[in-house]
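Novice: The following comprises the amino acid sequence and a computationally predicted model.
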Amino acid sequence: MSFFMEPGFDYTITIPDPNGDYSKNKEDCDFKFPFDEKKKPVIILFGWAGCIDKHLQIYSQIYEAKGFMTIRFIVSTKSMFLSKQDIIPISEKMVRVIEDLNIVNQPIFIHCCSNGGSYIYQHFAEAMKSSKKQFRIRGMIFDSAPSRTSTTSLAAIRRMVNQSKYFNLVVALFFQALCFILWFSELIGNVIFRRNIIQFEPMKYLLEEENKFPQHFIYSKNDKVIPYQDVEFFINKRKSIGVEVSIKCYTDTEHVRHYPMKKYTYTQSIFNFISHCLDLESSMV
């Protein structure tokens, strides 16, 4: 495992042991993938806003237990909300990281956590358009995402602070007011200098995304941060433009807590999705 820090983001690359036995682990029993060992999937994970690596690693270990290579990306909260112009060079650097790994012949799956991970993917996908290499992205997993940010910003900020109820509310209100002031200042600056306005609205941009690979959604009707109605609206919209969609909907799990609370079914839904996508690729060869 290799950990790297860059201005505004950090990333961790985990390469499986070529001699390791990944045929079985305690979370997925004896699930087996029908793929060539030399072409194992690579998983790119984008963390939620306020995420730290040791928490995102919990999710990458799902894939590492099967011998998959993983790359975990985490963008600083400052670059997501306060210095939003940073996300463009950050996403370009992320693409270069993938290019340098020379994994173009392996199928790639992307795992986004919450709106923060969806926002990173939004700009990563845009940066990929300028790459000289063709990425073999075969599927995408949304965990607790996406949603309209206007309906979830307060709840998300309160969850990031993770203190007492009233302290969270005060800090969330202050932070949202600060974001509004900075956004307004940025808007004026963008008008004066004629720069593009970057908004934290991943759902708005991903609704019409041109990539049409299959997408898997894991969400909950008990999520207090991301309304399930937003996720289902997004799902139906993607279906309407021809994207193949699968879902795993819970009724009692919390935001970005589906895996800790439902490890077996969460893992199975992901592995079934990846297996199906690999079958689709094999049928097209």
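Specialist: Now that the structure is in, tell me what you want to look at. Numbers count the residues shown, from 1 in each chain.
Novice: so where's this structure shaky on pLDDT?
Specialist: 23-30, 34-38, 150-197, 283-285 (pLDDT under 70).
Novice: how about 50 then?
Specialist: 29, 151-153, 163 (pLDDT under 50).
Novice: Residue 32: how many residues sit nearby?
Specialist: Residue 32: 12 surrounding residues under other CB atoms under 10 Å. Heads up, the C-betas are built off the backbone N, CA and C, glycines and all.
Novice: Now do the contacts for residue 95.
Specialist: Residues in contact with residue 95 (CB atoms under 8 Å, 6 or more residues apart in numbering) are 124, 127-128, 130-131.
Novice: try it again with 10 Å
Specialist: By CB atoms under 10 Å, 6 or more residues apart in numbering, the contact set of residue 95 is 123-131, 133, 135.
Novice: And whichever strand or helix holds it, what's buried?
Specialist: Per DSSP states H and E: residue 95 is located in helix 87-100. By 16 or more other CB atoms under 10 Å, the buried positions in helix 87-100 come out as 87, 90-95, 97-98.
Novice: I figured residue 55 was touching residue 114, is that so?
Specialist: No - using CB atoms under 10 Å, residue 55 is not in contact with residue 114, being 11.6 Å away.
Novice: list the residues that contact both of the two?
Specialist: Listed as contacting both residue 55 and residue 114 by CB under 10 Å, 6+ apart are 47-48, 256.
Novice: Find the nearest non-adjacent residue to residue 2, please.
Specialist: Spatial nearest neighbour of residue 2, chain neighbours left out: residue 13 (4.9 Å); criterion: CB to CB, 6 or more residues apart in numbering.
Novice: Are we agreed that the one you found is in a strand?
Specialist: Yes - judged by DSSP: H, G, I helix; E, B strand; the rest coil, residue 13 forms part of a strand.
Novice: can you pull up the bridge partners for it?
Specialist: residue 2, residue 71 (DSSP bridges).
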